[in-house]
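Asks: Sequence and predicted structure below; questions after.
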Amino acid sequence: MRRGAVVVSVLCLGAAWLLGRGFDPRSWLQPRDRLLSVAELGRYRGAPGDPGLYIALLGRVFDVQPGRKHYGPGGAYSGLAGRDATRAFATGDFTPSGLVDDVSALSPAEMLTIQSWLSFYSTNYACVGRWLPFYDENGAPTEALRQAEAAIEEGLKFKAESDQWKEQFPPCNSEWSSAKGSRFWCSRQSGGVNREWTGVPRKLYRPGSRGSHCVCVRTNGPPWGQQGSAQHSNRGDLDNPHLQEYDGCHPQAEQCILST
């Protein structure tokens, strides 16, 4: 019994020593189970005596010790250490007011930027847990995280639609000079979209967007989405209701010059 008591005393002393050194017994939990509070995450800034170097992004905590030169004290991104500064990944605002987790005001496109960063960290750094403001005490997602994920889904949908619009209506080439004004023209590579047709310039008023921008429009064959149709006007997409001709430009011209 006395021997057992000695062993227990040694174990207690060892545990006390580890806790005094900043050891968190929850670090033995699997990454998906470990939950860190704001105060706990704040201890992982990589300074001497700190237990490690962590950052959090959208509630997921990553061990960025391998990137210490970037995230450790004195590093260019040291402000990200020991906190969830998700908003800064989209805005680029690394001031104290910008290094926050609140993403409620970000657009779906900005949330896609955060998603790409999340993919980067998931690929290059170990996920060591989750952060309580985005997860509750039981590890379930909070409303803030659900709203953020919904915004990402909306952004992915918008991007897919944008890719389709760009394939259907590639951007024009353009240039401007004070002497000649604006010139828009189409080629088989305009807008970075390689294709078998050239097209003609038109103003595109895309639903949900402000104003218009110049796109190249296919002038023959069936309209977009009706490639298998045998009956069509052979005018390509010229009759699309979201398009408008440029004043003073020939409807079939491959370039349009708008004087100042």
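Replies: It's in.
Asks: you'd agree residue 141 is up against residue 134?
Replies: Yes - counting by Cβ atoms under 8 Å, residue 134 is a contact partner of residue 141 at 6.9 Å. Placement of C-beta: from N, CA and C, glycine included.
Asks: out of those two, which sits in the busier spot?
Replies: Ranked by neighbour count (other Cβ atoms under 10 Å), residue 141 and residue 134 place residue 134 first, with 22 against 15.
Asks: and the gap between the more buried one and residue 71?
Replies: As judged by Cβ to Cβ, to the nearest Å, residue 134 and residue 71 stand 20 Å apart.
Asks: go on, residue 180?
Replies: For residue 180, the distance to residue 71 equals 50 Å [Cβ to Cβ].
Asks: Comparing the two, which residue is more hemmed in?
Replies: residue 71 (24 against 12).
Asks: Counting neighbours, what do you get for the closest residue in space to that one that isn't next to it in sequence?
Replies: Closest residue to residue 71 apart from its sequence neighbours, by Cβ to Cβ, 6 or more residues apart in numbering: residue 64 at 4.6 Å. Number of residues near residue 64 (other Cβ under 10 Å) recorded here: 25.
Asks: so who does residue 64 touch?
Replies: Residue 64 is in contact with 53, 54, 55, 70, 71, 81, 121, 125, counting by Cβ atoms under 8 Å, 6 or more residues apart in numbering.
Asks: Who wins on neighbours among these?
Replies: Neighbour max across the contacts of residue 64 (other Cβ under 10 Å) = residue 54, 29 neighbours.
Asks: Surely that residue and residue 63 touch.
Replies: Yes - applying Cβ under 8 Å, one finds residue 54 in contact with residue 63, separated by 5.9 Å.
Asks: where do the contact lists of the two overlap?
Replies: By Cβ under 8 Å, 6+ apart, the residues touching both residue 54 and residue 63 are residue 128.
Asks: In contact with residue 121, which residues are there?
Replies: So residue 121 contacts 55, 57, 60, 62, 64, 127 (Cβ under 8 Å, 6+ apart).
Asks: give the contact list for residue 201.
Replies: 172, 184-186, 214-217, 246, 249, 253-256.
Asks: For the stretch 1-150 of the chain, which residues score under the pLDDT cut-off?
Replies: 1-33 (pLDDT under 70).
Asks: moving C-terminal of the helix or strand hosting residue 201, what's the next helix or strand?
Replies: Following DSSP states H and E, one finds residue 201 within strand 200-204. Counting by DSSP H and E, the element after strand 200-204 in chain order, helix or strand, is strand 213-217.
Asks: residues in contact with that next one?
Replies: Outside strand 213-217, the residues touching it (Cβ under 8 Å, 6+ apart) are 169-172, 174, 184, 186, 190-191, 198-204, 236-238, 240, 243, 256.
Asks: any idea what sits nearest the most centrally placed residue in the chain, other than its immediate chain neighbours?
Replies: For the chain, the residue nearest the mean C-alpha position is residue 113 (1.5 Å; Cα atoms, centre = their mean). For residue 113, ignoring the flanking residues on the chain, the nearest one in space by Cβ to Cβ, 6+ apart is residue 90 at 4.8 Å.
Asks: Likewise for residue 257?
Replies: Excluding the flanking residues, the one nearest residue 257 by Cβ to Cβ, 6+ apart is residue 183, at 5.0 Å.
Asks: Contacts only, for that neighbour.
Replies: By Cβ under 8 Å, 6+ apart, the contact list for residue 183 reads 174, 175, 176, 255, 256, 257, 258.
Asks: Can you tell me which of the residues you listed has the most neighbours?
Replies: Going by other Cβ under 10 Å, residue 256 tops the contacts of residue 183 with 23 neighbours.
Asks: State the pLDDT value of that one.
Replies: Note on residue 256: pLDDT of 93.
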